[in-house]
Each structure stands twice: as C-alpha cells, then as structure tokens.
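>>> okay, predicted coordinates and the sequence, questions at the end:
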Amino acid sequence: MTYYIVYGLVKLLSLFPFAVLYALSDVLYPVIYYIIGYRKQVVRDNLSYSFPEKTQQERKAIEKKFYRHFCDLIFENIKFAGISVSEINKRMLYNNFEPALKHLDEGRSVMLYSSHYGNWEWNSSFILHLPKDMPIYPIYKKQTSEVSDRIIHKIRNHFGTETIEMKNLLRVMAAMRSEGRFGMFGMISDQSPTRESLHYFTQFLNQHTAVITGTEQIARKFDYPVYYARLKKLKRGYYTSELIPVSLHPKETPEFEISEKYMRLLEEDILRDPAIWLWTHKRWKYTREKTVE
C-alpha cells in the first residue's frame, strides 16, 4: 500500500511543468541545507580533502551550489516518471554515440561507465537512440527499502530500459551472448568498493582512493568495448552526454588501465564543475593503510 501511495504522488508531481517543480526545489533548498543539514558534515569533509588548495569561502560556494543542484535532482527525477519523449530529447542531448552503436552491429555488447554526476538517471533515456532489438541495461544494487527500490526501478524503466541487479549481471550477460543478443550495460562506478573487492588504489581528488574494478573485470572477461558517458550540465534542467572510448579491446589492455582511465576522466569532470557530483556519499571509506592487517 505504501508503494502505491508514494508512487501515485510521484506520478502526480511528474505532471507539473518544470517551472513549478523548480519553484518547489527552491523551497526545499533552505530546508535541506539550513534546517535539516542533510549530510552536511560529510559534504564539507569531502570538499575539504578534495580541494585543500581552495579557501573556505570557495569550498562553501561549491557546497551551496551542490545542495541547490541536489534539490533540483530530486524534482528532475520525479519529472522523469512522466516526462514525454519530445521533452527529454530537448533536455538530454547525446553526442558521439554512433561509434558505440557500430559495436552492436558487429555482435559485441558495450560497457558504459557512468557516475553520480550531473543527472545520471536521465542517461537511461539513451535507449530512445538505440535500435529496438539492442536495449540499454542500467545495472543497480538493490535498495534496502523495498518501497524505494520499486519506485526507483519504475522511474528508471520509464522509456523501456531493463534494469539488472548487479549480482545477476554475469549470468544475464553470458545467457545473452549464447543467444546472440547484445546491448549496452550502464555501470555506475564512482562509489567505494566493498572490503572484499579492494584490488586497486589510485590518487583521486588529492586522496588515496579505492577503485571499483568490476566494470573492467567484466569487460576483460567478455572483451566488450568500454565507453565513458561524459555528462555536462548546460543550464538548469539541460544536459549533454558524450560517449568517450576508454578501451575498444579490453583483453589486450593492461590490468587496471581501464579503471585508471575512468577515474582520470571522472576527475576531469569534477574539477571542471565540482558542484554537480554527489558529495553526500562516503567515497573514501578505505585507504591502503587501513586495509593492511
């Protein structure tokens, strides 16, 4: 019952024009930032360690701009539950995706690196630019809340994407290949890996950082080409996504080179526009020193 009530509210709000939703975002911002202070200390610590060269005032400006973007994201993704094809095509533009489509014609699936940057949820609208028999599969980790999980799943699949839970990915990919079916697999890889998956560290945003290597490992296993979805925010509610090749032949690429290149591309984006990365997540849970017994 809770799911139907919450999702019904989401669908109702999605019918409102962007102007109304952004007005609600403007109201939510002081509540989230000044009153609730949602994960404010986490954000401040992350910004402090990532940008030690900046003044406190400069980091505070990024912090405030981030929370405004964060509130916009809430309502942009509510809107995504009911947005039309024509509207999303005006607001989410894709560049340089043709080379990736050629791999599908050649009988190879494509791995897409993504991150919690810009509006990553809108990236699933890329399916509107793919052949109908070659879909995009956002890979996700199941939410602890069943209601939240069902709602997020429903919104992400608005244009017909087929989300795959991470634990089922290898089995699904192997089955698809044996059946001669191919598609694009979207992997968000900018979070902290589990302790059992600490295989590679790099310097990222001035910090020794554990890297999620799952995308690289899968790409090397199947020899599927890897691209990075570079998101840019043009203005409020308008984004571009450009596919940048990371490795076209992963089996021939040295170990961890793919993961390293992804981290460098992501770092470039964050340095260009730091306010639109998700600073609320606890990215730096582990260092090499902390994991050595």
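Now that the structure is in, tell me what you want to look at.
>>> now do the helices in the stretch 51-200 of the chain.
56-79, 85-91, 98-105, 146-156, 169-178 (DSSP state H, counting those that start in this stretch).
>>> turn the ones you listed into a markdown table, columns for mean pLDDT, mean neighbour count and distance to A210.
Every C-beta, even on glycine, is put in place using the N, C-alpha and C of the backbone. Shown next, in a markdown table, are those (pLDDT from 0 to 100; neighbours: other Cβ atoms under 10 Å; distance: least, Cβ to Cβ, whole Å):
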| stretch | mean pLDDT | mean neighbour count | distance to A210 |
| --- | --- | --- | --- |
| helix 56-79 | 98 | 18 | 23 |
| helix 85-91 | 97 | 14 | 34 |
| helix 98-105 | 90 | 15 | 28 |
| helix 146-156 | 83 | 16 | 25 |
| helix 169-178 | 93 | 14 | 20 |
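>>> so for S247, which of those helices sits nearest?
In terms of Cβ to Cβ, the element of those nearest to S247 is helix 98-105, at 11.9 Å.
>>> before we move on, the earlier item: could I get the helices of the stretch 51-200 of the chain in JSON lines, plus columns for distance to S25?
Formatted as JSON lines, the helices of the stretch 51-200 of the chain follow (distance: least, Cβ to Cβ, whole Å):
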{"stretch": "helix 56-79", "distance to S25": "4"}
{"stretch": "helix 85-91", "distance to S25": "15"}
{"stretch": "helix 98-105", "distance to S25": "33"}
{"stretch": "helix 146-156", "distance to S25": "17"}
{"stretch": "helix 169-178", "distance to S25": "34"}
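>>> tell me which of these sits nearest to L130.
Of the helices of the stretch 51-200 of the chain, nearest to L130 by Cβ to Cβ is helix 98-105, at 7.2 Å.
>>> keeping just the C-alphas, turn the closest one into PDB.
Extracted C-alpha coordinates of helix 98-105, given in PDB (Å, rounded to 0.1, in the frame of the first residue of the first chain):
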ATOM      1  CA  GLU A  98      27.400   6.400 -33.300                       C
ATOM      2  CA  PRO A  99      30.800   4.600 -32.900                       C
ATOM      3  CA  ALA A 100      29.400   2.700 -29.900                       C
ATOM      4  CA  LEU A 101      26.400   1.600 -32.000                       C
ATOM      5  CA  LYS A 102      28.700   0.000 -34.600                       C
ATOM      6  CA  HIS A 103      30.000  -2.500 -31.900                       C
ATOM      7  CA  LEU A 104      26.400  -3.700 -31.500                       C
ATOM      8  CA  ASP A 105      26.100  -4.300 -35.300                       C
END
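>>> going forward, begin numbering at 4 instead of 1
Okay, residue one is now 4; in that scheme the one you just asked about reads as helix 101-108.
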